[in-house]
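Trainee: how would this look folded up:
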Amino acid sequence: MSKLYFLLAALLAGLSGFAQNSVTFKGKILEAKTQVPMEAVTVYIASAKDSTVIDYTITDKNGNFNLSTRKTENAVIFKVSFIGFKEIEKSYDKGLNANVDYGVLRLEESENLLGEVIIKQEAPPIRIKNDTLEFNAASFKIRPDANVETLLKQLPGVEIDNEGKITVNGKEVNQILVNGKPFFDKEGKVALQNLPSDIINKVQITDTKTKKEELSGEKASSNNASINLTIDEDKNKGFFGKINGGYGTDDRYESSLMLNYFNNKRKISVLASANNINSTGFTMNEIFDSMGGGRNYSVWTNDNGSFGINNMQFGGGNGITTSQLLGLNYGDEPFKNFTINGSYFFNGARSENANRTRETTLLSTGSFTTESTAKTVDDKFAHNVSFEFEYKIDSLTTITISPKLMKGRAFNENIGASTTTEENGRISRESSRDNFSNTDNQSLGGNVYVNRAFKRKGRFLSLWIDDEHTKSDGMNRNLSLNTFYRDTDEDGITDLTETDNRNQKRFDRNLTDNFSSGIEFSEPLKDSINIKVSLNYSREQNIGDRHTFDFDEATQTYSILNDSITNYLRSGVREINPQAGFGIRKSKFNMNLNVGTSVYLFEANSNYLGQQVSISQERIYPSANLWGGYNFTKSRSLWVNYSFDVNFPSAAQILPVTDVSDPLNTRVGNPFLSPNKSHYTYVSFRDYDFATKSGWSIYGGGNFFESQVVSSTTYDSSRKSTTEYINISGNSNLWFGGNWNKTIKHDAHSYRFGLGMNGGYNRNQGFVEGEMFDSKSVRLSPRVSFNYDYGELLSIGPRYDFTYNETNYTNFSTDKQSNLTHRFTLQTTSYWPKHVVFGNDFTYTYNSNIADGFKKDFYLWNMSLGYNFLGDHLLAKVKVYDVLNQNQNTSRSISPTYIRDEENTVLKRYAMFSLTYKLDKFAGKKKPEGGRRFWMFD
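Mentor: Numbers count the residues shown, from 1 in each chain. Here you go, the predicted model:
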């Protein structure tokens, strides 16, 4: 405790010392011509020697500014800058030693304004114009060899958490572009981790738009942010990249390659990776390379460590994965107003896992428990090709065509066994299996967008088509032994033991066709109001064709047709949706409302055991979509969104076909089902104060179901289940959260504080054993974080996460179940002494209520030590994963009907030596600061 008091005292003393050694600049900015206060004017102090920005702020809505910075004896320049106005500049040759009150300063319009060009060459660190927040990359001092991710972390309002999630002023970033185009992936993690920061000119942040909104100039309907990185003209012609390779104990290895060639509009990039250390995407983290388990995260990764492309999932966070990846990205403008951007990916991943699970199924009269073990192998690969062609026919008309193609194969092997036990200890079911499957997947699709603008601002005509066709051909071998033990003589059966042993092959062909198109016309009534009319058409079809053959002992082939597991299912939905709406777009307020009528034709048919069934439903429902926001200031905003959604049941849910392909569970469709109908709502409020470098945000949303298809499950005494489907109203799933962060900087010291919480509330109703259950679950996950940075030499980042889950039940044998987890992480990075890189990631996880036999807590400590050679172009590194050899993968999940504890295989301790070589060659002049070397092209 005394150490804690000492730390707090030292921190307060440091802040007090800063206050005593600081000076304050304050004043008010008015527009000279109108005498109106000017908001978001950039006020900053720069070094007179090299123009490096020392500190900055922007004016508030009243035109006031208050800038506190450290005293200095070095010469500095005070500047006021705003787009379209002449700069105000004052030099302090003897440094800063006293407070300054400028009173009222007046900005005059620039007489020689050309577009957004400012007369002075020095760009301010921040510019805000319309919907774009722009940072000048050169204004933020970072290491010469730093990547784009390091640059973003220096920008005010930008936060990157330990999982790689990026937020700007509390708004999540879901798209990162380079010169306005995707760099391999729109998520942008390839660009973040691999593009050198010193080639970036501007970082532009806007709201994420759909292609239709982008072409038409409409306000974004998304509440996410998009980052566009513009390349410095001097660096937009060159060659750069990285090559990495490593080998370690237990035959662990990693390798990765990224090469980039830029030549003005032409961009060619190649990336590749191969490893057996569970890095299923692509990453070249400067501390841990491809090593996961800490700060590292791979491109396209989901929360569980997997990634997916075109409906194919790779990895899954369980087991040990060996993966390969090869990618090619090409972008060009072969002639004026015509651009091409295309990518090719090959992905392969093989995962091996051993699983142990204990699952308790909750019933109204009690419960039963199933303990199982399984060894699985997943082996998948896929080829993906996608292009985007954009042609601006004239100044008013643009057409975009984006085709895509995927072809892949997946293999799965599952060998396991399970035993089900009643509360009184009686064994009711035993099963074992040795199954495998092979599946070929392919998809072909694309979209077309056409936008025609008119001379009158706000008038446009948009047309679009989306089309996608997927096919999956699979073979599943089911070799299983299943024994069911009854405790009473049911239905006159005297033998209380039943067996269901299978040796069969099932062949499945699944086809999906999705087509949608629309046309929309927008007409402005005033400069801020427009009306829109549109007509949308969509068609969806799903076909499942299954044939099952039992093993013939006589011929030793799978040739005996099993009629009970052979069927044909088809469902299709057609929708015509005329809509009318309006949009309001003002400087602070924007809102869009579209309402209409959706006319549906739903058809489903089946062929099962020689019986053909057809179902046809015609439905008419309202359609509505509302979104908009209010900007109280440049950084404080409110956002709302509402929509009404309708989804029809699947063919398996609505067609009266008995599916007995699973020996432990029989499924039966219900032809009297109604569609799912739900109301979606979302509200968020956020603020960021650039002057104090602090911000916060809160959000909440959810789905409220008028009608939802849920399962109704019954069990016999041997715990063989039968599942049917019914409609229920009143279910809902809600989510909410918020965060606060603040940064304090003085001299080389930077302190970043963060608080946050997210949570959810779900109400789930269904039927078990003929009785309706009602479960209400709550999840709360608060977190606290702190980061200390000493210039570019040292970074220390502790973080604590707490998660509490509680589910309350009605009509179950248990009233409540709860679980809590604690997670503490500490990340440290040191770049001292010179050329040395030293990193540590430490995590402690505790899971409170996991079942006996599963370990509740574990430590994971990763360490890396590297040294740079050859002018920091070659980095040699020694890394140790799981230093304490404590890593494990155990978890508890609580659902409305069961409680599951499970354990999976994880990577254990290994050490690895790796080398990373950096290439860079640009057709620009050598930077005056030194560091990175550049060569001229012939």
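Trainee: please, where are all the helices along the protein?
Mentor: Ranges of helices in the chain, per DSSP state H, are 2-20, 148-153, 189-194, 211-216, 651-654.
Trainee: report the rounded mean pLDDT for the last one.
Mentor: Computed over helix 651-654, the mean pLDDT rounds to 95.
Trainee: same deal with the third one?
Mentor: Averaged across helix 189-194, the pLDDT comes to 76.
Trainee: run the chain-centre distance for that helix.
Mentor: 15 Å (C-alpha atoms, centre = their mean, to the nearest Å).
Trainee: then the shortest one?
Mentor: Relative to the chain's own centre, helix 651-654 is displaced by 31 Å; criterion: C-alpha atoms, centre = their mean.
Trainee: need the contact partners of it.
Mentor: Helix 651-654 is contacted from outside by 542, 544, 569-571, 604, 606, 615, 648, 659, 667, 669-671, 673, 709, 725, using C-beta atoms under 8 Å, 6 or more residues apart in numbering. C-beta here means a position set from N, CA and C on the backbone, and glycine is covered the same way.
Trainee: which strand residues bridge the closest residue to residue 169 other than its chain neighbours?
Mentor: Leaving aside its chain neighbours, residue 169 sits nearest to residue 688 (3.9 Å; criterion: C-beta to C-beta, 6 or more residues apart in numbering). Assessed by DSSP bridges, residue 688 has beta-bridge partners residue 695.
Trainee: what about residue 688, distance to residue 171?
Mentor: Applying C-beta to C-beta, to the nearest Å, the value for residue 688 to residue 171 is 9 Å.
Trainee: same question for residue 837.
Mentor: 32 Å.
Trainee: more neighbours: which of these two?
Mentor: Taking other C-beta atoms under 10 Å, residue 837 and residue 171 do not tie; residue 171 has more neighbours (24 against 18).
Trainee: buried subset of the contacts of helix 651-654, written for PyMOL?
Mentor: In PyMOL syntax, the buried subset of the contacts of helix 651-654 is picked out as below (16 or more other C-beta atoms under 10 Å):
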select buried, resi 542+544+569+570+571+604+606+615+648+659+667+669+670+673+709+725
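Trainee: now, the contacts of helix 651-654 that are in strands?
Mentor: Counted as lying in strands by DSSP state E, out of these, are 542, 544, 569-571, 604, 606, 615, 659, 667, 709, 725.
Trainee: let me know the closest of those residues to residue 132.
Mentor: Closest approach between the ones in strands among the contacts of helix 651-654 and residue 132, by C-beta to C-beta: residue 542, at 42.0 Å.
Trainee: my read: the closest one touches residue 602, true?
Mentor: No: counting by C-beta atoms under 8 Å, residue 542 sits too far from residue 602 to count as a contact (11.7 Å).
Trainee: any residues in contact with both of these two?
Mentor: 571-572.
Trainee: bridged to residue 785, which residues?
Mentor: Beta-bridge pairing of residue 785 under DSSP bridges involves residue 754, residue 799.
Trainee: what residues are up against residue 322?
Mentor: Contact analysis of residue 322 by C-beta under 8 Å, 6+ apart lists 275-276, 349-351.
Trainee: what stretches of the stretch 651-800 of the chain score poorly on pLDDT?
Mentor: Low-confidence segments of the stretch 651-800 of the chain, defined by pLDDT under 70: 689-693.
Trainee: what segments of it are strands?
Mentor: Secondary structure of the stretch 651-800 of the chain (DSSP state E, counting those that start in this stretch): strands located at 658-662, 665-668, 676-689, 694-715, 721-728, 732-746, 749-768, 771-790, 794-810.
Trainee: likewise for the stretch 201-350 of the chain?
Mentor: Using DSSP E, counting those that start in this stretch, the strands of the stretch 201-350 of the chain run over 225-231, 237-248, 253-263, 266-275, 307-309, 312-314, 320-335, 338-362.
Trainee: do you know which of these lies nearest residue 883?
Mentor: Smallest distance to residue 883 across those (C-beta to C-beta): 13.3 Å, for strand 237-248.
Trainee: same for the closest one, what does it pack against?
Mentor: Applying 3 or more C-beta pairs under 8 Å, 6 or more residues apart in numbering; DSSP states H and E, one finds that strand 237-248 contacts strand 253-263, strand 874-881, strand 910-922.
Trainee: let's have those strands in CSV, adding mean pLDDT and mean neighbour count.
Mentor: As requested, the helices and strands packed on strand 237-248 are exported to CSV (pLDDT from 0 to 100; neighbours: other C-beta atoms under 10 Å):
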stretch, mean pLDDT, mean neighbour count
strand 253-263, 90, 19
strand 874-881, 94, 20
strand 910-922, 90, 18
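Trainee: how about those in TSV, adding distance to residue 822?
Mentor: Below are the helices and strands packed on strand 237-248 laid out as TSV (distance: least, C-beta to C-beta, whole Å):
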stretch	distance to residue 822
strand 253-263	31
strand 874-881	23
strand 910-922	27
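Trainee: of those, which is nearest residue 197?
Mentor: Between those, strand 910-922 lies closest to residue 197; by C-beta to C-beta that is 12.0 Å.
Trainee: distance between that closest one and the chain's centre?
Mentor: Taking mean C-alpha positions (C-alpha atoms, centre = their mean), strand 910-922 and its chain are 28 Å apart.
Trainee: listing partners with orientation, what would you give for that strand?
Mentor: When DSSP bridges is applied, strand 910-922 pairs with strand 237-248 (antiparallel), strand 874-881 (antiparallel).
Trainee: Serialize the ones you listed to JSON lines and add fields for distance to residue 752.
Mentor: What follows is the strands paired with strand 910-922, written out as JSON lines (distance: least, C-beta to C-beta, whole Å):
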{"stretch": "strand 237-248", "distance to residue 752": "28"}
{"stretch": "strand 874-881", "distance to residue 752": "26"}
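Trainee: so which of those comes closest to residue 72?
Mentor: strand 874-881 (34.7 Å).
Trainee: can you list contacts of that closest one?
Mentor: Residues from elsewhere that reach strand 874-881, judged by C-beta under 8 Å, 6+ apart: 246, 248, 277, 286, 288-289, 291, 293, 837, 862-869, 907, 909-918.
Trainee: how long is stretch 825-843 end to end?
Mentor: Distance across stretch 825-843, first residue to last, is 4 Å (C-alpha to C-alpha, to the nearest Å).
Trainee: contacts for it, please.
Mentor: Stretch 825-843 has contacts (C-beta under 8 Å, 6+ apart) with 143, 162, 286-288, 293-295, 792-801, 823-824, 844, 859-869, 872, 875, 877.
Trainee: show me the contacts for residue 249.
Mentor: Residues in contact with residue 249 (C-beta under 8 Å, 6+ apart) are 910-912.
Trainee: right, and out of the residues you listed, which lies closest to residue 523?
Mentor: If you rank the contacts of residue 249 by distance to residue 523 using C-beta to C-beta, residue 912 comes first, at 63.0 Å.
Trainee: for that closest one, which non-adjacent residue is spatially closest?
Mentor: Among residues not flanking residue 912 along the chain, residue 248 sits closest, at 3.1 Å (C-beta to C-beta, 6+ apart).
Trainee: so how far is residue 277 from that neighbour?
Mentor: According to C-beta to C-beta, residue 248 stands 8 Å off from residue 277.
Trainee: find residues that contact each of these two.
Mentor: The contact sets of residue 248 and residue 277 overlap at 910, 912 (C-beta under 8 Å, 6+ apart).
Trainee: who's more crowded, the two?
Mentor: For residue 248 versus residue 277, the count of surrounding residues by other C-beta under 10 Å is larger for residue 277: 24 against 19.
Trainee: do I have it right that that one meets residue 254?
Mentor: Yes: using C-beta under 8 Å, residue 277 makes contact with residue 254 at a distance of 5.8 Å.
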